[in-house]
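coordinates only, sequence not included:
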Ligand SMILES: Nc1ncnc2c1ncn2[C@@H]1O[C@H](COP(=O)(O)OP(=O)(O)OP(=O)(O)O)[C@@H](O)[C@H]1O
């Protein structure tokens, strides 16, 4: 069964110099007050400032004017709510209004005029006394009462029962049943009103209060005092828990009126924001929205149960008199009107502590004195149907639940009911777990998670260490292999040299002796290496090296075969620059042959050169000419060799070194020089590259020579001839451009036959050896 939030309004008296402008008028209906009904015949009337003939009328359950007393308000509207606590229900009473409207006065009051809070606590203890007196099976210890007190300051929750220095921000959580609670909040047991007074007075000093222009002791936070009463039935091991939340909200603030400084402004912003969310929640509930923005502020999150939940609610609207507050008063009243449409579904919070079957909750003889029989004073049923909750109950729990059905004078009879909501008992988070147990469980889970992560980190660290060790070993092995290889290459190179020498002068015996001497001189190095490397570690590396070696060897063989095939495939494996250089080398060799009169050899060499530089027109012409001469047995007179320019000392040195390499390169093409040793061939390829370098130098020389006087005159001659053929300036220009670009492989000195010339003495000599 649902129940709407009860709304009452209270206008505070004028303070100090506040004018009596009659802006807010309270119309009271004494019958409504007396009956305590929710008829709402009392009203607050406010004259429309724009049209004084128009009056806004707000009807509520009860409306109290300036003359109303604390006692009156408590007796009429709060006392019945207190009684509900002993019915096992949750009650929430909150004071709402603009700053300085009298919320704290209403809730807390003063010594001379105690407010709702102290009166409620007094009523709770009084009720306990009555209950114990009326129930022979109950002793005072069977009804425990405890309290908590917190404030929400700038949207953070603080425990007011601990000193502020030690008070951490408390988290707001939700238990497995969807019940919102403030974790680690202190609950202090109180056995008497004086106990409460002592704790409450101390805690109130911790509350955030500040002075503003409107209120010298303005609340800067929302304060929530909770009193819980638990009746424990030892006979049947069951308990009934009722709770009352007394909420003193901070007032909405108009910063123009409050004259807030920067820090007060920050507080004011937090206050106004949370109140705005409260308004949004109320609006969302009224308009049946699917999503209620409880989570948008801590205030609404904590008050969730009071707003559309399972709590019985009472809203006290505090109003300040005077036109100065007119707009705030209207806002407050509008909020109240919206709130009164919110429907809660109160439940009885009852717990069965037995493990198996559950007998009924014992009949408390004085239960009728609570104002509740089969139905409560506000028509709240106590049956299982009345305990339905908005929060779904887990199936496991639902099976174990036993609900209580009122059977009038016969007392309660047990019966298994459909899933019903059972609120946690004070200090408990569910049916069986106390808060301490819950915290312990959480701590265990956290500890397990931390241990798991630590182990994972340790595993990662060990894996990284192993990886680092492996990579270090690999590095070490690689270095060792390189060292061994260097030694091996060196030996091999020396061996080759020795073999070559042995062919002419040295005997095999001498060579052996020579090698032995060398190996003796190198043995300490090898020893030191073998000592520093663990046995077997080189095996995989050497194997890999062997594989690489055979791979290199096969590639070299392939390369060699290409060269052996007449260089037809060679261009495919050379870069454009290398091709050009190879072409020049063959041209030089061919020229040498033609000078000696061996035209056939020259023709073959020119053709080889053509395979490297197939686009060279002059080379093609030369081949045609020589081919023609060979076929017709005619002599071929080549152009004279160009004179070499003087070179610098450095270049000479370089050429001398390259010259030797060139000779060796030619040996590679010689059948006798061919060897199966891949490493040896690799060295030869390197030497061949050196020869290419030398050819490059020759090209530089050639380029220099192009600009000699003779070269220039030959070009001029060609240009003159061309000028005679090409009449238009455009054609002349294009031809001139072409000539400028075509200078790299064309020997411009060949003015006689315009044939390619690469006059390299060293190249000729090397290639001569090759041919
Ligand atoms: N009914 C009343 N009778 C006499 N004095 C009152 C009454 N209501 C409020 N006051 C006085 O008005 C002043 C402001 O009241 P109170 O501090 O309760 O306002 P508040 O709404 O709590 O303000 P804030 O939101 O700033 O905390 C106080 O001095 C208080 O004593």
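Received the coordinates, thanks. None of the values given here were measured: they were computed from a predicted structure.

Can you pull the residues of the stretch 101-250 of the chain lying near the ligand?
101, 102, 103, 104, 105, 215, 217, 218, 219, 250 (Cβ under 6 Å from any ligand atom). The way it works is simple: take the backbone N, C-alpha and C, and place the C-beta from them, glycine included.

In PyMOL, how would I select the buried members of those?
Command for PyMOL that selects the buried part of these, burial taken from 16 or more other Cβ atoms under 10 Å:
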select buried, resi 101+102+103+104+105+215+218+219+250
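
Give me the neighbour count for the closest residue to residue 174 other than its chain neighbours.
Distances taken as Cβ to Cβ, 6 or more residues apart in numbering put residue 180 closest to residue 174, at 5.2 Å, once the chain neighbours are dropped. Other residues within reach of residue 180, judged by other Cβ atoms under 10 Å, total 17.

Would you enumerate the residues in contact with the nearest residue to residue 326 once chain neighbours are set aside?
Spatial nearest neighbour of residue 326, chain neighbours left out: residue 23 (5.5 Å); criterion: Cβ to Cβ, 6+ apart. Applying Cβ atoms under 8 Å, 6 or more residues apart in numbering to residue 23 gives the contacts 46, 47, 321, 322, 323, 325, 326, 329.

Test my guess that the second one contacts residue 21.
No. With contact defined as Cβ atoms under 8 Å, residue 47 does not count as touching residue 21 (9.4 Å).

which of those two has more neighbours?
residue 47 (18 against 13).

phi, psi of that one?
With angles defined as degrees, to the nearest 10, residue 47 sits at phi -80, psi 140.

Same check on residue 91?
phi -120, psi 140.

Am I right that it is in contact with residue 229?
No. Counting by Cβ under 8 Å, residue 229 is not a contact partner of residue 91; they are 10.9 Å apart.

tell me, what's touching those two both at once?
Contacts common to residue 91 and residue 229, judged by Cβ under 8 Å, 6+ apart, are 85, 242, 243.

Contact partners for the residue in the stretch 251-400 of the chain that the ligand sits nearest to?
Closest residue of the stretch 251-400 of the chain to the ligand, Cβ to the nearest ligand atom: residue 251 (2.8 Å). Counting by Cβ under 8 Å, 6+ apart, residue 251 touches 97, 98, 99, 100, 101, 103, 215, 218, 219, 271.

what number of residues lie near the nearest residue to residue 20 once chain neighbours are set aside?
Once flanking residues are discounted, residue 20 sits nearest to residue 14: 6.2 Å by Cβ to Cβ, 6+ apart. Using other Cβ under 10 Å, the number of residues around residue 14 comes to 14.

Check what pLDDT residue 14 gets.
Residue 14 is assigned 89 on the pLDDT scale.

Repeat that for residue 167.
For residue 167, the predicted pLDDT is 77.

so what's it up against?
Residue 167 neighbours (Cβ under 8 Å, 6+ apart): 158, 159, 160, 206.

got the phi/psi numbers for the second one?
Put plainly, it is residue 159. According to degrees, to the nearest 10, residue 159 has phi -90, psi 120.

what sits opposite it in the beta ladder?
Beta-bridge pairing of residue 159, defined through DSSP bridges, involves residue 150.

Am I right that it is in contact with residue 185?
Yes. Using Cβ under 8 Å, residue 159 is in contact with residue 185, at 5.7 Å.

before we move on, the earlier item: which members of the shared contacts of residue 91 and residue 229 occur in strands, if any?
Among the shared contacts of residue 91 and residue 229, the members falling in strands (DSSP state E) are 242, 243.

which of the shared contacts of residue 91 and residue 229 tops the neighbour count?
In the shared contacts of residue 91 and residue 229, the most neighbours by other Cβ under 10 Å go to residue 242, 27 neighbours.

ok, that one touching residue 86?
Yes. Using Cβ under 8 Å, residue 242 is in contact with residue 86, at 5.6 Å.

Show the low-confidence segments of this protein, by residue range.
Within the chain, the segments meeting pLDDT under 70 span 30-40, 210-217, 253-264, 355-440, 442-443, 484-573, 638-771.

who in it is up against the ligand?
So the chain meets the ligand at 12-13, 15, 97, 99-105, 215, 217-219, 250-251, 318 (Cβ under 6 Å from any ligand atom).

Counting neighbours, what do you get for residue 237?
14.

Give me the secondary structure label for residue 73.
helix (DSSP: H, G, I helix; E, B strand; the rest coil).

Using TSV, lay out the contacts of residue 23 together with secondary structure.
Output for these, formatted as TSV (three-state DSSP):
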residue	secondary structure
46	strand
47	strand
321	coil
322	coil
323	helix
325	helix
326	helix
329	helix
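
Drop anything exposed from the residues you listed.
For these, buried by 16+ other Cβ under 10 Å: 46, 47, 321, 322, 325, 326, 329.

what's across from the second one in the sheet?
The partner list for residue 47 in beta bridges (DSSP bridges) reads residue 55.

give me phi/psi at residue 15?
phi -110, psi 140.

Pull the contacting residues for it.
Applying Cβ under 8 Å, 6+ apart, the residues near residue 15 are residue 100.

Lovely, talk soon.
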